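Peer 1: fold the stuff below for me.
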Amino acid sequence: MTRYLSTFKYIILLLVGVALLVLAFKGQDVNQLISDLKRADYKWVLASVVACFVAHIVRAIRWRMMIASLGHGTPTLLNTCYAVFVGYMANLAFPRMGEVSRCGVINKTDKIPIIKLIGTVIVERIVDLLMLIIVVALGIMLQFDLLTDFLYNNIMAKMNSGTVNLTVLILAVLILVLAIGFFYLLMKKKNWGIRNRIYSLYIEMKSGIFSIKDLKNKSAFIFCSVFIWTLYGLSIYLCFFALTSTSSLGLLASLSVLVFSSLGMIVPVQGGIGAFHFMVSEGLMVYDILKSEGLAYALLLHSIQTLLVIIAGAISVILLMIKSSKLSPDEQT
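Peer 2: Numbering: from 1, shown residues only. Okay, here's the model as predicted:
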């Protein structure tokens, strides 16, 4: 049953992503789009890829700091990089599956308890959410009129419609009822032992969640967090120069696109497909970039980042398999 539910969820999310992609490209001249991509200056594309790749490496370095504070040994940087790229590749198949996948890699290579690794990933996501909030706040402060108009017209105005409000209200009530029902059953069925399992999982995960307190170098952790997002912005900025239509955009525009693209990637669809393209192309319109030109940029940026993840993830899987095959039978077990 669980497998069928997972398959159903995968199909639904994929269909949502495809629907968003169709919505983003609706009414656009595909031939013109292809022509724009053919004329792109790919040396700038390569520079953008390098910046993105370095960001992933820095992410691995930051995660390694947190793992080291667990007290179960420190994985090599190479193993941590393998895990991060495998995780990113897994996210392309199923949203959020990558978080567990990369923990599974480190568990296999370094025998660190997976539940504690998941705790560190939870902290990572919280830190990334805080960084996103900072980036959004910084973008709004530096470009108040542009970003507030965009956020209002594309998010707030649509949320104010009666139909949307009613739908959100119904979903909220449904979730609340299900949550209350679940916890009621949890308290009544003592013989299930579910409460004990949940509590045990929390205790094991707790050390991972609070691993940030035991970091040996908190300043380096903060620096890595800021540097990761700076590299994301740099990747976006460098890619501007690949297309004539976006080559005149500056650093502030790259900050805005970082906000738009991050909001698009939050949508739980495979690899942000559709949502990323829609948000970036709509966002670039505030800089007088035509919808078709914005889509060409969004398609180029998303494609190179996805290709990077696929190649690096595939190489990581192959190298991990080779490394595993060289272990003795006892070590493999």
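Peer 1: for the top helix by length along the chain, buried residues please.
Peer 2: Assignment by DSSP state H gives helix 291-325 as the longest helix of the chain. Neighbour-count burial for helix 291-325 flags 291-302, 304-306, 308-309, 312-313, 316-317, 320 (criterion: 16 or more other C-beta atoms under 10 Å). C-beta: built from backbone N, CA, C; applies to glycine.
Peer 1: what packs against that helix?
Peer 2: The contact analysis (3 or more C-beta pairs under 8 Å, 6 or more residues apart in numbering; DSSP states H and E) places helix 291-325 against helix 2-25, helix 30-38, helix 42-68, helix 77-93, helix 97-110, helix 218-240, helix 275-284.
Peer 1: one more time with 6 Å, if that's ok
Peer 2: Under the contact criterion of 3 or more C-beta pairs under 6 Å, 6 or more residues apart in numbering; DSSP states H and E, helix 291-325 touches helix 42-68, helix 77-93, helix 275-284.
Peer 1: what is the orientation angle of it with helix 77-93?
Peer 2: Orientation check (axes from the mean of the first three to the mean of the last three C-alpha atoms, to 10 degrees): helix 291-325 against helix 77-93 gives 130 degrees.
Peer 1: what's the angle from helix 291-325 to helix 42-68?
Peer 2: In terms of direction (the same axes, to 10 degrees), helix 291-325 departs from helix 42-68 by 50 degrees.
Peer 1: pLDDT on helix 291-325, on average?
Peer 2: Per-residue pLDDT values over helix 291-325 give a mean of 89.
Peer 1: number of nearby residues for Ala137?
Peer 2: 11 (other C-beta atoms under 10 Å).
Peer 1: got the contact list for it?
Peer 2: Contact analysis of Ala137 by C-beta atoms under 6 Å, 6 or more residues apart in numbering lists nothing.
Peer 1: do that again at 10 Å, thanks
Peer 2: Shown here is Ala137, whose contacts under the criterion C-beta atoms under 10 Å, 6 or more residues apart in numbering are Val259.
Peer 1: residues in contact with Ile34?
Peer 2: When contacts are taken as C-beta under 10 Å, 6+ apart, Ile34 is in contact with 296, 299.
Peer 1: for it, give its distance to Leu299.
Peer 2: Here the criterion is C-beta to C-beta, to the nearest Å. By it, Ile34 lies 10 Å from Leu299.
Peer 1: same check on Ile315?
Peer 2: When distance is defined by C-beta to C-beta, Ile315 is 24 Å away from Leu299.
Peer 1: what do you get for Ala314?
Peer 2: Distance from Ala314 to Leu299, by C-beta to C-beta: 22 Å.
Peer 1: name the stretch among the helices and strands packed on helix 291-325 that sits most buried.
Peer 2: Compared across these, helix 275-284 shows the largest average neighbour count, a mean of 25 (mean count of other C-beta atoms under 10 Å).
Peer 1: and the angle from that helix to helix 218-240?
Peer 2: 70 degrees.
Peer 1: give the other helices and strands that helix 275-284 contacts.
Peer 2: Judged by 3 or more C-beta pairs under 10 Å, 6 or more residues apart in numbering; DSSP states H and E, the packing partners of helix 275-284 are helix 2-25, helix 144-151, helix 251-266, helix 291-325.
Peer 1: what's the average pLDDT for it?
Peer 2: The model assigns helix 275-284 a mean pLDDT of 84.
Peer 1: contact partners for Leu307?
Peer 2: Under the criterion of C-beta under 10 Å, 6+ apart, the neighbours of Leu307 are Val49.
Peer 1: please redo it, this time with the cut-off set to 6 Å
Peer 2: So, once contact is read as C-beta under 6 Å, 6+ apart, Leu307 ends up touching nothing.
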